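A.B. asks: after the sequence you'll find the predicted model.
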Amino acid sequence: MSTLDALMHGFSVALTIQNLGWALLGVTLGTAVGVLPGIGPALTVALLLPITFNLDPTSAFIMFAGIYYGGMYGGSTTSILLNTPGESASIITSIEGNLMAKKGRGGPALATAAIGSFVAGTIATVLLTFLAPAVADFALRFGPAEYFALMVLSFTTVSAVLGNSLPRGLASLLFGVALGLVGIDTQTGQARFAMGVPQMLDGIDIVIVVIGLFAVGETFYVATRKTGPETINSVKGSTWMTKDDWKRSWKPWLRGTALGFPFGAMPSGGGEIPTFMSYAIEKRLTTKPEEFGKGAIEGVAGPEAANNAAAAGVLVPLLTLGLPTSATAAIMLAAFQQYGLQPGPLLFDNSPDLVWGLIASLYIGNVMLLVLNLPLVGLWVKLLQIPRPYLYGGILIFATLGTYSLNNSVVDLITLYVVGIVGFLMRRFDIPVAPAVIGLILGPLAEQQMRRALAISQGDFTVFVQEPISAGLLAVAVIVLLGPMLWKLVVRKKPAA
Amino acid sequence: MTDQIIHPRRHRFLRGEILLALGVVALGIAYIFGTMAIPVSTSGYSRVGPADFPWGVSIALIVIGGFLLREALSGQWVGEGAQADAPAFTLVPFAWISLGLILDLLLIEPAGFVVASAVLFVCTAYGFGARNWLFTSVIAIVLSFLTYVGFSYGLDVGLPPGLLEGLV
């Protein structure tokens, strides 16, 4: 089946009334949680996991994908209109976007963000459509040793990319891996780190960890900072872009897409770096450098496009290799596991309805989001006016509800509280939380692949460096870990010589 | 790197960054004891047992804890509390929200979802500065009640009933 045939089949799945409904529900929810400070797509999917258990997997994933894309669109609205950006990938957007809004140009800023997100999202989805089957084909050659090497590479790059320092990223990752070890070892049936608590034998559910870190930890963090009242910039004047705005926006959109997609598609992830790079490039290429720092439209158009293209790129390693490189991708991997599905090359053969229905729904979701976010932007702005005490009170009710409904167990609520305190400390002390989530879901898989590889090689650890693919991947991982340190040594020695 | 000014009055050793780094080392040590408690059969056909990967993770935790300690002591790692432009910090809301979460987990089974959630909502809102007890309580009960009804009857999620749930 050629890719185009497969995509057409995907559209036939996604265009049923039922699945269009799920997609619409997903993008609406996604935009709402993207707009609201304190909650994001990862948390939302985590909260929905327990209640979507009985849903058809294809429909569930169409909804999750809508939440994922919608969160990106909604996040830009908040970063433009509010002086505090909702998520890390829209920090850059908030610089120029917020200045534009203060100058009364909030409308065009929102428009270039939404249209740029649409352009980038659509182009990146086309790239995903054609790249994913090729990567899946290549991944068919991977054995346990290659998978293990790939996961090690992903561990190091994710730790290096998400956050401000490698040790802090690795600490977060290892915390997640350590939590992932708790429970019955699936291969030998031995209990590990359960401390005699029977509820711990099943392991610590990723849903609880995501809710704890993102909802409870975030609530503690926001509550303990005595910030002044937030100023919401209202959307004054026309939301339409002028001819000049269009002329200044389309190239940054395309350049942002070209930067964002490859960054997302690599097994390192991170939507932040391409947004920073896009901002730097647009600042250099602009015809109106005097406007940068005062609200330049290029500084919104480029990073927003990069952000959305990276979000689509992240789906390539997730679907083809089962490798999540963002917190939302990690919780989506958990969703696959809930349905007994294993993302990877075989998913394209075994569940074509799901994979291609999901990809087709991304095209549809982008169109829906453009409509939801341009004419209806005023509606979303109203969400920002919910008083903070009630917003966070509501978030915690849903957090405890989602946790409790997993197993109807109070032990889970205790775990939630403890993880929430850890999340609060991590936020407070600038330790990224996303690597912990990725480590928790990927750690057990990495161990499984390692033990499989070593069982095949009869305990010979050189198996990981004998195959060229796994040796190459591990070499890159070592460079990521040690490269910056060696580079510092070289730079330090030079002036002395 | 951005210019981050360390608060002059901060304690030299009792800093959060250092305590956290030591915490990571302590977790690694605790995991070593946990790893040693895993029963490993020596006769199994698999040469890699259930304790090997945990050994690696424990040792890695200790090593990374060491790197964190170096970052903290050298001043490369500065949490938000020590940054000059950081907003004022207070633990009072933390205490209120903690109270809410603890009461929630104590009340959810004996008193039911609606009561537990309403208490959690009121405590959290109070922590965030809401001072109108009556209005907040009304919102808390209405929201908890609607959530209960929606999830129990609309989505078939089993939530513990209690004092107020008998009304539906």
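C.D. replies: Yes, it's here.
A.B. asks: nearest residue to the middle of chain B?
C.D. replies: residue B:98 (9.7 Å; C-alpha atoms, centre = their mean).
A.B. asks: quick one: the strands in the chain, in order.
C.D. replies: Since no chain was named, I'll use chain A. A:183-184, A:191-192, A:225-226 (DSSP state E).
A.B. asks: hm, I was asking about chain B
C.D. replies: All strands of chain B, identified by DSSP E, fall at B:88-89.
A.B. asks: where does pLDDT dip in it?
C.D. replies: For chain B, the stretches flagged by pLDDT under 70 are B:1-14, B:41-47, B:81-82, B:84, B:163-168.
A.B. asks: can you list the domains in it?
C.D. replies: When chain B is parsed with automatic domain parsing, its domains come out as B:16-82, B:92-167.
A.B. asks: for the longest helix anywhere in chain A, the averaged confidence score.
C.D. replies: Across chain A, the longest stretch assigned as helix under DSSP state H is helix A:106-139. For helix A:106-139, mean pLDDT rounds to 89.
A.B. asks: grab the nearest non-local neighbour of the residue nearest to the centre of chain B.
C.D. replies: residue A:417 (7.5 Å; C-beta to C-beta, 6 or more residues apart in numbering or on different chains). Every residue, glycine included, has its C-beta placed from N, CA and C.
A.B. asks: surely the one you found touches residue B:99?
C.D. replies: No. Residue A:417 is beyond contact range of residue B:99, at 11.1 Å (criterion: C-beta atoms under 8 Å).
A.B. asks: can you pull out the helices in chain B?
C.D. replies: B:16-36, B:52-73, B:92-107, B:113-127, B:133-149.
A.B. asks: next one: the longest one to chain centre, how far?
C.D. replies: It stands for helix B:52-73. 21 Å (C-alpha atoms, centre = their mean, to the nearest Å).
A.B. asks: ok, back up a step: which of the strands of chain A sits closest to residue A:145?
C.D. replies: Among these, the nearest to residue A:145 by C-beta to C-beta is strand A:191-192 (23.7 Å).
A.B. asks: so, low pLDDT: which residues of the stretch 51-200 of chain A?
C.D. replies: The model of the stretch 51-200 of chain A has pLDDT under 70 over residues A:83-88.
A.B. asks: can we see that at 80?
C.D. replies: A:51, A:53-54, A:82-91, A:161-164, A:186-187, A:189, A:196-199 (pLDDT under 80).
A.B. asks: pull up the residues of it that are close to chain B.
C.D. replies: Residues of the stretch 51-200 of chain A found near chain B (C-beta under 8 Å from any C-beta of the partner chain) are A:51, A:165, A:167-168, A:170-171, A:174-175, A:177-178, A:181, A:185, A:187-188, A:190-193, A:195.
A.B. asks: is it possible to mark the buried ones in these?
C.D. replies: A:51, A:165, A:167-168, A:170-171, A:174-175, A:177-178, A:181, A:185, A:187-188, A:190-193 (16 or more other C-beta atoms under 10 Å in any protein chain shown).
A.B. asks: next, count neighbours for residue B:33.
C.D. replies: Residue B:33 has 10 neighbours, counted by other C-beta atoms under 10 Å in any protein chain shown.
A.B. asks: and what of residue A:222?
C.D. replies: So residue A:222, with other C-beta under 10 Å, has 20 neighbours.
A.B. asks: confidence score at it?
C.D. replies: Residue A:222 carries a pLDDT score of 87 in this model.
A.B. asks: from what I can see it touches residue A:395, true?
C.D. replies: No. Contact between residue A:222 and residue A:395 fails when scored by C-beta under 8 Å: they sit 10.0 Å apart.
A.B. asks: find residues that contact each of these two.
C.D. replies: Taking C-beta atoms under 8 Å, 6 or more residues apart in numbering or on different chains as the contact rule, residue A:222 and residue A:395 both touch residue A:38.
A.B. asks: quick check: residues of the stretch 251-400 of chain A near chain B?
C.D. replies: Close to chain B, as judged by C-beta under 8 Å from any C-beta, the stretch 251-400 of chain A has residues A:387-390, A:392-394, A:396-398, A:400.
A.B. asks: now these as JSON lines including pLDDT?
C.D. replies: Formatted as JSON lines, those follow (pLDDT from 0 to 100):
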{"residue": "A:387", "pLDDT": "88"}
{"residue": "A:388", "pLDDT": "88"}
{"residue": "A:389", "pLDDT": "91"}
{"residue": "A:390", "pLDDT": "92"}
{"residue": "A:392", "pLDDT": "92"}
{"residue": "A:393", "pLDDT": "93"}
{"residue": "A:394", "pLDDT": "91"}
{"residue": "A:396", "pLDDT": "94"}
{"residue": "A:397", "pLDDT": "93"}
{"residue": "A:398", "pLDDT": "89"}
{"residue": "A:400", "pLDDT": "92"}
